[in-house]
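Participant: I need the structure of the sequence given here:
(2 chains)
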Amino acid sequence: MKFTDFLTKECCVMDMAAPTKEAAIRELADVLKAQGKVIDEEDFIKHVMEREKLGSTGIGNSVAIPHCPTKSVKGVVMAFGRSKQGIDFQSFDGHEINHIFLMGTNPEDLNIYLKLLASLAKLLNDRIFRAEFAAASTTDELIAVFKKHEK
Amino acid sequence: MGLRTIVVSIAGSPGSLITAKYAIALAKLLSVKLVILYVVNIKVLQDLLKSRIFVDVEARVYERDLEQQGSAILERIGRMAQDKGVAFESCLLKGAVSDEVLNKTQELQADMLIMGELKEMTSRAEVFYDEGERILRRCPCPVVMVKNPAMVEALYKEIG
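Facilitator: Residues are numbered from 1 along each chain as shown, chains lettered A, B, ... in the order given. Sure, this is the predicted structure:
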């Protein structure tokens, strides 16, 4: 299972327009919907926002990973967005978020989803990966960084 | 001294059913007891809690869901074994997959462990950390890795 099997350049937004958490989640959900990966977009967003109420998915280092299991998506889905202006995600470290990974899974694919989330956590824990990932300016460069580090 | 117990480790992946079918066929042909293992991967939940991606209540919900999925898989495979007249026991375990499978295999003094094919590895690090690799390297008994689904399906049908 490779990370880039799930994160494709078509699902990456390098300059998000959304000014708020909910708008950002919606912007990335739109991308997934356009790629045919979402069955019911409103239900997906509703589940992601309900999860956010339990505690912010802003995990530090200006990264947030809003996520949820829901029957409203096809398999395991993932979109990435970069916000140059920064978004208030009520992150635990109090900083604004610049990098958002929106993830969802159909409950049947829970095991794959959990492994993927764990792989992402491991990558984001790596200082070198974070530096290269932040420096990537195009979707091609971004995917290349993931490919390099998942080796 | 003949064989008495075969253990099969089920991961819940799409290939698991093929692994289970081979284990049932082998248990039937060798007239041995089959122990079916499913491990709820608690370690991955703990890792996600530690990295702040999950909150406590969420991790508990995932754990419950994984347990339910595991029970459903064990029930299904148990029915398959029963239909083929194979004596079996199902075990739902929780923890790190490789540790749980190895401990149970040791505890049962199993004669053979059957597992699914290893996933494709892209790096040495991945090989080092892969749960399947760990089982393969440290298992105290012979390990059979199931391949060739078409052959398995044919064998499974043959055993009646």
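
Participant: flag every residue of chain A that's near chain B.
Facilitator: By CB under 8 Å from any CB of the partner chain, the part of chain A that sits against chain B consists of A:1-2, A:51, A:54-55, A:57, A:59-60, A:65, A:67, A:69, A:92, A:107, A:110-111, A:114-115, A:117-118, A:120-121, A:124-125, A:150-151. For the C-beta atoms, the positions are set from N, CA and C on the backbone; glycine is no exception.

Participant: report how many residues lie close to A:Pro107.
Facilitator: 12 (other CB atoms under 10 Å in any protein chain shown).

Participant: what's the neighbour count on the closest residue to B:Tyr62 other than its chain neighbours?
Facilitator: Closest residue to B:Tyr62 apart from its sequence neighbours, by CB to CB, 6 or more residues apart in numbering or on different chains: B:Leu45 at 5.8 Å. If you count neighbours by other CB under 10 Å, B:Leu45 ends up with 21.

Participant: B:Leu45 contacts B:Glu63, doesn't it?
Facilitator: Yes. Using CB atoms under 8 Å, B:Leu45 makes contact with B:Glu63 at a distance of 6.0 Å.

Participant: so where's chain A shaky on pLDDT?
Facilitator: Residues of chain A meeting the criterion pLDDT under 70: A:151.

Participant: now the helices for it?
Facilitator: A:21-34, A:41-54, A:110-124, A:127-135, A:139-149 (DSSP state H).

Participant: which of these sits closest to B:Arg4?
Facilitator: Closest to B:Arg4 of the helices of chain A is helix A:110-124 (CB to CB; 30.9 Å).

Participant: using PDB, list the CA coordinates for stretch A:78-96.
Facilitator: Provided in PDB are the C-alpha atoms of stretch A:78-96 (Å, rounded to 0.1, in the frame of the first residue of the first chain):
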ATOM      1  CA  MET A  78      -7.700  11.800   0.300                       C
ATOM      2  CA  ALA A  79      -7.300  15.400  -0.900                       C
ATOM      3  CA  PHE A  80      -4.500  17.900  -0.100                       C
ATOM      4  CA  GLY A  81      -4.800  21.700   0.100                       C
ATOM      5  CA  ARG A  82      -2.300  24.400   0.800                       C
ATOM      6  CA  SER A  83      -3.400  27.800   2.200                       C
ATOM      7  CA  LYS A  84      -0.900  30.500   1.800                       C
ATOM      8  CA  GLN A  85      -2.800  32.900   4.100                       C
ATOM      9  CA  GLY A  86      -3.300  30.300   6.800                       C
ATOM     10  CA  ILE A  87      -6.600  29.100   8.400                       C
ATOM     11  CA  ASP A  88      -7.700  29.000  12.000                       C
ATOM     12  CA  PHE A  89      -8.200  25.400  12.700                       C
ATOM     13  CA  GLN A  90      -8.100  25.700  16.500                       C
ATOM     14  CA  SER A  91      -5.000  23.700  16.300                       C
ATOM     15  CA  PHE A  92      -3.500  22.500  19.700                       C
ATOM     16  CA  ASP A  93      -0.400  24.700  19.300                       C
ATOM     17  CA  GLY A  94      -2.500  27.800  18.500                       C
ATOM     18  CA  HIS A  95      -0.900  28.300  15.100                       C
ATOM     19  CA  GLU A  96      -2.700  28.700  11.900                       C
END
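
Participant: residues of chain B that sit close to chain A?
Facilitator: Going by CB under 8 Å from any CB, the residues of chain B near chain A are B:11-13, B:41, B:44-45, B:47-48, B:51-53, B:55, B:57-58, B:62, B:65-66, B:69, B:119, B:122-123.

Participant: buried subset of the residues you listed as a PyMOL selection?
Facilitator: In PyMOL syntax, the buried subset of those is picked out as below (16 or more other CB atoms under 10 Å in any protein chain shown):
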select buried, chain B and resi 11+12+13+41+44+45+47+48+51+52+53+55+58+62+66+69+119
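
Participant: hang on, B:Val8 in a helix?
Facilitator: No. Under DSSP: H, G, I helix; E, B strand; the rest coil, B:Val8 falls outside any helix and is assigned strand.

Participant: B:Cys91 versus that one, what's the distance?
Facilitator: Distance from B:Val8 to B:Cys91, counting by CB to CB, to the nearest Å: 10 Å.

Participant: need the residues touching each of those two.
Facilitator: Residues touching both B:Val8 and B:Cys91 by CB atoms under 8 Å, 6 or more residues apart in numbering or on different chains: B:35-37.

Participant: in strands, which of those appear?
Facilitator: Among those, the ones falling in strands (DSSP state E) are B:35-37.
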